[in-house]
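Q: okay, structure incoming, though there's no sequence with it:
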């Protein structure tokens, strides 16, 4: 009986630890930009930061605490998320792939 309780305790602790590690690893770093709004569209907000114009995308899931208007000062919190990754072959990889192809066709 005591052995069974110990087994359950270990299983629950392991599951909790694994879920915590997984959730922490998935979080991306959050950045922010603050400045006056230059333009607002249904899909973007453009903010002036110093001499630079920052155009930040938004969608239906973007949380808004009010409706931004041109001239209003806002702080936008955002994450950098890859939308596509294209891997380029290096010279070494191209040669190795070519050699592999030759061996396959022989």
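A: Thanks, I have it. Fair warning: this is a prediction, and the values are worked out from it, not measured in the lab. Numbers count the residues shown, from 1 in each chain.

Q: wait, a helix at residue 54?
A: No: looking at residue 54 with DSSP: H, G, I helix; E, B strand; the rest coil, it is strand, so not inside a helix.

Q: quick one: it and residue 3, what's the gap?
A: Note on residue 54: its distance to residue 3, by CB to CB, to the nearest Å, is 60 Å. The C-beta positions use only the backbone N, C-alpha and C, and glycine is treated the same way.

Q: looking at those two, which one has more neighbours?
A: Counted by other CB atoms under 10 Å, residue 54 and residue 3 do not tie: residue 54 has more neighbours, with 16 against 6.

Q: all the helices of this structure, in order from the start?
A: With helices called from DSSP state H, the chain shows them at 2-26, 91-105.

Q: the ones you listed: lowest mean pLDDT?
A: Across the helices of the chain, helix 91-105 has the smallest mean pLDDT, namely a mean of 59.

Q: got the contact list for residue 33?
A: 47, 49, 54, 56, 75-76, 78 (CB atoms under 8 Å, 6 or more residues apart in numbering).
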